[in-house]
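Peer 1: How does the following fold in three dimensions:
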Amino acid sequence: MIDTAETFLRLVRILRELESTTSRTKKIQILSSFLRELAPVEISPTILLISGSIFPEGDERVLEVSGKTLQKILSSSKQTALEKSPLTMINVYDQLQRVASISGKGSRSKREAILSSLISQASEDEAEYITRILLGELRIGLAEGLILEAISQASKVDINLTKRTYTLTGDLGKTAKIALTEHEKGLRRIGVRLFEPIKPMLADTAPDLETALKTHHGKTALEYKLDGARVQIHKQDEHIEVFSRRLSNITSSLPEVVELIRSDTKAREAILEGEVVAVDQNGRPMPFQELMRRFRRTSDVQEAMNKVPTRLFLFDILYLKGALLLDLPEHERRRLLERVCSPELLTPRHVTEDMNEAKDYFNRAIEEGHEGLVAKSPDSKYMPGTRGKEWLKIKRAETLDAVVVAADWGSGRRYRWLSNYHLAVRDARTNRFLEIGKTFKGLTDEEFEYMTARLNNLKTSEDDFTVRVRLELVVEVAYDEVQKSPHYNSGYALRFARITRIREDKSPNDADTLEKVQEVYEAQFKRKAKPK
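Peer 2: Numbers count the residues shown, from 1 in each chain. Below is the predicted model:
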C-alpha cells in the first residue's frame, strides 16, 4: 500500500502517465494497478478527481473558482512557506470540499485563502493538476466507461455488475469503493433506494420512421417527443421528491408536480419518469427556454408558476411497491404505469406496425406543438445511463447536442456579448472534446445576455477576441448537413449551424459523440452522392 503522505504526488504521476498513453488497454492497466494500491479511505476521492470532478453527479455543490482567481493565487503562491508538509490525497480532497462549502459574505476571500494555502504547499506539478481539476480541464482521456473497466479489473468483479451499480448510484467514487473493498457481494447488495436518483435511459436518433420500425423489427411504440425537461419522481406516501436528468434535486422548483403526484397517483411507493413541459394558458407547449426560467428561480416560485405554467407527462415507471422494474419489457412497465397514474398524466402513445399510421401520428405530434416522436421497442428493458437503439428520437430537423468550449466577442450590434460560440462533440474513445464548428445564430438578445454572463462565470482564459471556458454548457444545435472539414480537430463541420436550445439540464457527458457525427455523415449518402 502507498504511503498516504505521498498519495497526491503519486496521483499526479499517474495522471501524467495516463495523459501520455493513447492505448485504451494500457490506460485501464495503469489505473487498475493504481487503484489496488490505495487505502480504502482514498478510493472514492481518487476516483472522483481522476474523473475530473470533485462531487458525484447530482451533487449541487460547486467550487465557483474562476480562471482569473486561480491565476492570481498561482502568482502569489511563488513565495511559499520554508517548510512544507507533503500533500496527501485526503488533504487535497478535503480542502476542495471546504472551498465548495463556503457561502455568504466574504466567501470569495475565504475560498482564495484556502486555495492559496493548498497551492503554496504543492509542488509545481501538483499545483498544475489542482488547477486543471478546478477548471475542469483534466482532459486525460478517461471516459466513464474506461474508469468502470479499470474498477472492474482492479476488484476482479464482472464489468456488467460494476456498470449496474454505477447506474443505480450515479456515484463513481462510491461504486469504486464498494467494488474494491466489498467486491461482488457488496455490489450485489446495491439496489434502488427511494430518493437516490437513477441515471436515466437515453434515446438515440433515427433519421426517419422507416429506420425506427425496421430497427424494432416491424413493431414500435410511438410517444410524443416533448420539448421539456426530463424528470424522475420518487414517492413514498406523502413524501415526494423530483430530480433532473443530471440527478439534481429540483423539488422546490416544481411544487405543482409534487401536488399532481400526490393527488393523481395511487402507488404508495414508486419511482416515475416523465417530462415537464412549459405551456401557455391554452395548454399549448411553449419553448424549452421558458421552462428553464422556472428551473433557475430560487425564490418567488409562486410568481414563476403563474408566469410559466407547466404540464407533467409521465412515460415510465422504474420501481413499484418495493419491486425494481428495470428488467420488465417496456410494454409491461407501461401497463403498470397506467394502473397507478391518472390518464391525464400519461404521455400520448401509439403502438403500430403500419408505416402510414406512424406518419399520421408523427404529423399529429407536430400539429400539437411537439418536436416529433420517440419510438420505443415494446420488448426493451430499462437500461440506466445507456443510449441505444431501443429508444429512438425522430424529429423534423437534424440536431446534435454540443458543448461550448469557447466564445468570441461579437461585432456590430452584438459587440457587447459573447455571441459566436465554438462547439464541440465528445470523442467517446478518448473522452476529449473536439470542435465541430462555430455559430452565432439562433438566440434572442435576452439569450445572448444570459450566455455572456454564464460563460464569463465559466471562463478559464481570455485574449482580445476569445474567451475559453470550462466544459459545462451544452446547447442543442440544428444544422443542414455534416461536412468533412480540415479546419476543426474533429475533422467535421456543421453546415448552417444554429442553436435551438440551451440545455442546462444536460452535462457534457450527455453531449453527442464524434462517432455519432460519423454515423450521420455516412447516413447522408443514402440519399445523395458521396464526395470523392
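Peer 1: Confidence-wise, which helix or strand of this protein is lowest on average?
Peer 2: Here the helix or strand of the chain ranked lowest by mean pLDDT, DSSP states H and E is helix 288-296, holding a mean of 76.
Peer 1: Now do that helix: distance to the chain's middle.
Peer 2: Between the centre of helix 288-296 and the centre of its chain there are 17 Å (CA atoms, centre = their mean, to the nearest Å).
Peer 1: which residues touch it?
Peer 2: Helix 288-296 is contacted from outside by 227-229, 244, 250, 253-254, 276-278, 304-305, 308, 310, 447, 501-502, 504-505, using CB atoms under 8 Å, 6 or more residues apart in numbering. Bear in mind the C-beta positions are built from the backbone N, C-alpha and C, glycine included.
Peer 1: Quick check: buried residues in it?
Peer 2: Residues of helix 288-296 classed as buried by neighbour count (16 or more other CB atoms under 10 Å): 288, 289, 290, 291, 292, 294, 295.
Peer 1: quick one: which of those residues is nearest residue 67?
Peer 2: Distances from residue 67 to the buried residues of helix 288-296, taken as CB to CB, are shortest for residue 292 (25.4 Å).
Peer 1: those strands in the stretch 301-450 of the chain, which residues are they?
Peer 2: For the stretch 301-450 of the chain, applying DSSP state E, counting those that start in this stretch gives strands covering 310-320, 323-324, 349-352, 372-376, 387-395, 399-409, 418-427, 432-439.
Peer 1: Let me see the mean pLDDT of the second one.
Peer 2: Averaging pLDDT along strand 323-324 yields 92.
Peer 1: Please apply the same query to the third one.
Peer 2: Across strand 349-352, pLDDT averages out at 98.
Peer 1: go on, stretch 512-523?
Peer 2: 92.
Peer 1: Could you list the buried residues of it?
Peer 2: Going by neighbour count (16+ other CB under 10 Å), the buried part of stretch 512-523 is 512, 513, 514, 516, 517, 520, 521, 523.
Peer 1: Now do that stretch: everything it contacts.
Peer 2: Stretch 512-523 is contacted by residues 205, 207, 398, 400-402, 425-429, 434, 436, 482-484, 490, 492 when judged by CB under 8 Å, 6+ apart.
Peer 1: export that stretch as CSV, just CAs?
Peer 2: Taking Å, rounded to 0.1, in the frame of the first residue of the first chain, the C-alpha atoms of stretch 512-523 are listed here in CSV:
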residue,chain,number,x,y,z
ASP,A,512,-23.3,13.7,-28.8
THR,A,513,-20.2,11.9,-29.7
LEU,A,514,-17.8,12.0,-32.6
GLU,A,515,-18.9,8.5,-33.5
LYS,A,516,-22.5,9.8,-33.8
VAL,A,517,-21.3,12.6,-36.1
GLN,A,518,-19.5,10.0,-38.3
GLU,A,519,-22.7,7.9,-38.4
VAL,A,520,-24.8,11.0,-39.5
TYR,A,521,-22.2,11.9,-42.1
GLU,A,522,-22.3,8.4,-43.7
ALA,A,523,-26.1,8.2,-43.5
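Peer 1: In helices only, show me the buried residues of stretch 512-523.
Peer 2: Among these, DSSP state H puts 514, 516, 517, 520, 521, 523 in helices.
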